[in-house]
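Chemist: can't give you the sequence, but here's the structure:
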């Protein structure tokens, strides 16, 4: 049965009308049999399980008697009603409704845990505590004494359950907690070491971040990597790419023969339609145009930016819509120099600026380049666009990540993205 969140109008089951027009069955070969290290790693994420060490999301914590009430007032999500062990994707907004931080927040027995992008940890930490004045709230930059690692793919939950055994602790943290699809957290023991696991439910496959003390990280990583290999997966990081013949830290989309695992992560993220703050969203982004309506509780009461967001939801529409672009062939390009154009004019002979590209990535041998970006509202139904850049132009098929319906409700196109990607791999 198809359901829509009554608070946000967020529809997790939008389907056929969101697919791209082009049928690309058979475009992607069986990646597991390819000699390319990066293509094999992408197959692990899609079909089995991969271990991600770079880039990672890292943790800071908030404790104190006023922690829940303070962040309930500050964040877009309803953290007050989170059960212990549950989590939410939340934003920190400014008064004009624009984003200042993108976070995963989890309720613990004594406060809240936050996961943020590693490169933005210090900034997000400062934003989180900026208005703590007389509140009993203490923030701790836990990332300074620990490291994080990601585990993703259809078999990720099975693997985590196997390596944790009977050591999982916390509300309802038995073997079933890893398969519910909810944002959840709990402590587990891996290789004799205490770790905290966080389920990140933004993805269409089971995805977990795990944190552990820095001095124990190598042992935990080794245990997880071995378990991945037993299931037909493996490590997806810059070191793994280097072992396959790549240069560590290779530029995303650089036209070499193997490259770093970071490229694989970017391709996978774009395929999933997940926007990254600082890349696809920034301090000028209204969350409703970036497919982030699910991060907002429209009934929780006041929070920064609430009035502007509610006005757009009830009376209008966003100026832009987040979209995924797919280009035949390996065409790495700099998103900052690309302009999205469509055919326009009364005689349909000219072109008009229609949007911009924010992320792009390509793995040599994959046969296509994927990108995220924005289309202006008036061009939201364009099935194809032209991406122009210095030196040439490329034709791209379009799949919307966010869509605004006639009754002014955002709907999630994640299911459509998933169906389209599945078709391309068959």
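Modeler: Good, I have the coordinates. Treat the numbers as computed from the prediction; the structure is a model and nothing was measured.
Chemist: who's in contact with the residue nearest the centre of the chain?
Modeler: Geometric centre of the chain, nearest residue: residue 274, 3.7 Å, by Cα atoms, centre = their mean. By Cβ atoms under 8 Å, 6 or more residues apart in numbering, the contact list for residue 274 reads 202, 203. C-beta coordinates here come from the backbone N, C-alpha and C atoms, glycine included.
Chemist: switch to 7 Å and redo it
Modeler: Contacts for residue 274 (Cβ atoms under 7 Å, 6 or more residues apart in numbering) come out as residue 202.
Chemist: Could you say which helix or strand holds it?
Modeler: Following DSSP states H and E, one finds residue 274 outside all helices and strands.
Chemist: in this protein, which ranges drop under the pLDDT threshold?
Modeler: Applying pLDDT under 70 to the chain flags residues 1-36, 165-180, 237-261, 344-350, 402-426.
Chemist: mind listing the helices for it?
Modeler: 37-47, 67-74, 121-128, 156-164, 217-230, 238-243, 261-272, 306-315, 414-425 (DSSP state H).
Chemist: Can you point out the buried residues in the second one?
Modeler: Right, helix 67-74. 67, 68, 70, 71, 72, 73, 74 (16 or more other Cβ atoms under 10 Å).
Chemist: Quick one: the strands in the stretch 1-150 of the chain, in order.
Modeler: Assigned by DSSP state E, counting those that start in this stretch, the strands in the stretch 1-150 of the chain fall at 50-52, 57-63, 87-93, 99-108, 111-117, 138-140, 146-152.
Chemist: Tell me, how many residues neighbour residue 320?
Modeler: Residues lying near residue 320 (other Cβ atoms under 10 Å) number 22.
Chemist: My read is that it contacts residue 373, right?
Modeler: No: using Cβ atoms under 7 Å, residue 320 is not in contact with residue 373; the gap is 9.2 Å.
Chemist: Now list whatever residues contact both of the two.
Modeler: Joint contacts of residue 320 and residue 373 (Cβ under 7 Å, 6+ apart) are residue 355.
Chemist: For the residue nearest to residue 203 when sequence neighbours are not counted, give its distance to residue 372.
Modeler: The shortest distance from residue 203 to any non-neighbouring residue, by Cβ to Cβ, 6 or more residues apart in numbering, is to residue 272 (5.7 Å). Separation of residue 272 from residue 372 (Cβ to Cβ, to the nearest Å) stands at 10 Å.
Chemist: what do you get for residue 314?
Modeler: 27 Å.
Chemist: Based on its surroundings, how many neighbours for the residue nearest to residue 203?
Modeler: Neighbours of residue 272 under the rule other Cβ under 10 Å: 20.
Chemist: where along the stretch 251-400 of the chain do the strands fall?
Modeler: In the stretch 251-400 of the chain, the strands defined using DSSP E, counting those that start in this stretch lie at 320-328, 339-344, 350-362, 368-376, 384-389, 392-400.
Chemist: Now do the buried residues in the second one.
Modeler: Same thing as strand 339-344. For strand 339-344, by 16+ other Cβ under 10 Å, it's 339, 340, 341, 342.
Chemist: Now the strands of the stretch 251-400 of the chain in TSV, please, with extra columns for distance to residue 39.
Modeler: Putting those into TSV (distance: least, Cβ to Cβ, whole Å) gives the following:
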stretch	distance to residue 39
strand 320-328	17
strand 339-344	28
strand 350-362	11
strand 368-376	12
strand 384-389	24
strand 392-400	21
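Chemist: Looking at those, which is nearest to residue 148?
Modeler: Among these, strand 350-362 comes nearest to residue 148, with 21.5 Å by Cβ to Cβ.
Chemist: neighbouring contacts of that closest one?
Modeler: Residues outside strand 350-362 that contact it (Cβ under 7 Å, 6+ apart) are 252-253, 263, 266-267, 270, 276, 279-280, 320, 325, 330-333, 335, 338-344, 369-376, 379, 382, 385-387.
Chemist: rewinding a little: which of the strands of the stretch 251-400 of the chain sits closest to residue 51?
Modeler: Using Cβ to Cβ as the measure, strand 350-362 is the one of the strands of the stretch 251-400 of the chain that comes nearest residue 51, at 19.5 Å.
Chemist: Direction included, what does the closest one pair up with?
Modeler: Strand 350-362 has the following strand partners under DSSP bridges: strand 339-344 (antiparallel), strand 368-376 (antiparallel).
Chemist: Going by neighbour count, list what's buried in that strand.
Modeler: Residues of strand 350-362 classed as buried: 351, 354, 355, 356, 357, 358, 359, 360, 361, 362 (neighbour count, 16+ other Cβ under 10 Å).
Chemist: which one of those residues is nearest residue 193?
Modeler: Of all those, residue 361 has the smallest distance to residue 193: 33.2 Å, by Cβ to Cβ.
Chemist: can I assume residue 318 is in contact with residue 286?
Modeler: Yes: between residue 318 and residue 286 there is a contact under Cβ under 7 Å: 5.8 Å.
Chemist: Quickly list what's touching both of these two.
Modeler: Here residue 318 and residue 286 have residue 312 as joint contacts, going by Cβ under 7 Å, 6+ apart.
Chemist: List buried residues within the contacts of strand 350-362.
Modeler: Buried, going by 16+ other Cβ under 10 Å: 252-253, 263, 266-267, 270, 276, 280, 320, 325, 331-333, 335, 338-342, 369-376, 379, 382, 385, 387, out of the contacts of strand 350-362.
Chemist: The residue nearest to residue 199 when sequence neighbours are not counted pairs with what?
Modeler: Excluding the flanking residues, the one nearest residue 199 by Cβ to Cβ, 6+ apart is residue 184, at 4.8 Å. For residue 184, the beta-bridge partners are residue 86 (DSSP bridges).
Chemist: No more questions from me, cheers.
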